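>>> got a sequence here, can you model it:
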Amino acid sequence: MAERCSVQLVIDILHAKVGVPLSIPNIDTASWEEMAVESLGLTEVCTSLEYRLNIPIPSEEAFSTHNIQGFVAFVNSIQA
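You can find the predicted model right below:
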């Protein structure tokens, strides 16, 4: 069975690649702005997930998400 995108996976990538602190309250529902994640950081997350999950992630749609939960739901809808 193929690996699925999860909130924890995205948090781990954001922390490792973008430097988002794990101490942000309600990190899974905090907005990209509240986490100081800009388009370059979200692109880094998309690229990491594309490699790890072996799926293309359309950046325009990814950029329209507002937080980690929305992003995970979007990525998992691609995998379905």
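
>>> and Q8, how close does it get to L22?
The span separating Q8 from L22 equals 11 Å under the rule C-beta to C-beta, to the nearest Å. All C-beta spots, glycine's among them, are computed from the backbone N, C-alpha and C.

>>> cool, and V75?
For V75, the distance to L22 equals 20 Å [C-beta to C-beta].

>>> what about the helices in the protein?
7-13, 39-53, 59-63, 68-79 (DSSP state H).

>>> what stretches of this protein score poorly on pLDDT?
With pLDDT under 70 as the threshold, the chain has low-confidence stretches at 1.

>>> tell me which residue lies nearest the centroid of it.
Computing the C-alpha centroid of the chain and ranking residues by C-alpha atoms, centre = their mean puts V10 first, at 4.5 Å.

>>> I'd assumed F71 was in contact with it.
Yes. Proximity of V10 to F71 meets the contact threshold set by C-beta atoms under 8 Å, at 6.2 Å.
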